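Asker: Just to be clear, the model below is a prediction. Sequence and coordinates:
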Amino acid sequence: MKLLKLALISFLVLFVVATLIGLMLPSTVVVSRAVDINRKDPGRIRQEINTLSRWPNWIEGIQANGFKLTSADSIGKGASGYVNGNNIQIIRATDTAIVSEWMGKGGFRQEAVMNIITNPSHAVTTVQWSFTQHIKWYPWERLGSMMNDKILGPVMEKSLANLKTLAENSANETVQQGGEAIIP
């Protein structure tokens, strides 16, 4: 009986300590990465980001994890897809930002924002991609959120590098006809 009592008290003390440590961690976690793309016109970049059916061309591992479209339209607001247990939906699309919501099993929710930043004086477009997750007070969620950057960061970096290669290569393939650029 003493052993059971000791185990129960130890468990409660560890739970309280983990909860207190977890409460010191932020309730919102943001993982963000950016890349500069040598392309003045952001049209092709926007097209790749705003079209779900084009995501397998540049988002690392998305095709291997069973990506499929779940909406009739794959472009802009309302476009939705499914990958690796997550439902993805574009909830807002403007010229400068595409916002999508990723819903996982058990109500796990993240918001992904892809900002397109242009500088008229330079031939560079910056794409900044961030995932934001709001964490509940549960100690296992708070402590587990410390791994978000280690898990998402490298995949985001590789994906943005793929997007950079794709956009810069298509810029090199642009053909001039009658003074107008035609993007393949």
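Answerer: Thanks, I have it.

Asker: Nearest residue to residue 157 in space, ignoring adjacent ones along the chain?
Answerer: Nearest residue to residue 157, sequence neighbours excluded (Cβ to Cβ, 6 or more residues apart in numbering): residue 33, at 5.5 Å. Yep, even glycine has a C-beta here, placed from its N, CA and C like the rest.

Asker: So, low pLDDT: which residues of this structure?
Answerer: By pLDDT under 70, the low-scoring segments of the chain are 22, 25-26, 171-184.

Asker: Okay, strands next: where are they in this structure?
Answerer: 28-37, 68-69, 80-83, 86-93, 97-103, 109-118, 125-134, 175-177, 180-182 (DSSP state E).

Asker: possible to save those as a markdown table with distance to residue 169 and mean neighbour count?
Answerer: Shown next, in a markdown table, are the strands of the chain (distance: least, Cβ to Cβ, whole Å; neighbours: other Cβ atoms under 10 Å):
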| stretch | distance to residue 169 | mean neighbour count |
| --- | --- | --- |
| strand 28-37 | 11 | 17 |
| strand 68-69 | 25 | 13 |
| strand 80-83 | 25 | 19 |
| strand 86-93 | 24 | 18 |
| strand 97-103 | 21 | 19 |
| strand 109-118 | 18 | 18 |
| strand 125-134 | 15 | 18 |
| strand 175-177 | 14 | 8 |
| strand 180-182 | 15 | 9 |
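
Asker: of all those, which lies closest to residue 145?
Answerer: strand 28-37 (4.7 Å; Cβ to Cβ).

Asker: That closest one vs strand 109-118, what angle?
Answerer: 30 degrees (axes from the mean of the first three to the mean of the last three Cα atoms, to 10 degrees).

Asker: Please save the CA atoms from strand 28-37 in PDB.
Answerer: The C-alpha coordinates for strand 28-37 follow below in PDB (Å, rounded to 0.1, in the frame of the first residue of the first chain):
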ATOM      1  CA  THR A  28       1.600  30.300 -29.400                       C
ATOM      2  CA  VAL A  29       4.400  28.800 -31.400                       C
ATOM      3  CA  VAL A  30       5.600  30.200 -34.700                       C
ATOM      4  CA  VAL A  31       8.000  28.500 -37.000                       C
ATOM      5  CA  SER A  32       9.100  30.800 -39.800                       C
ATOM      6  CA  ARG A  33      11.500  30.500 -42.800                       C
ATOM      7  CA  ALA A  34      12.200  32.800 -45.800                       C
ATOM      8  CA  VAL A  35      14.000  32.700 -49.100                       C
ATOM      9  CA  ASP A  36      15.100  35.300 -51.600                       C
ATOM     10  CA  ILE A  37      14.200  34.400 -55.200                       C
END
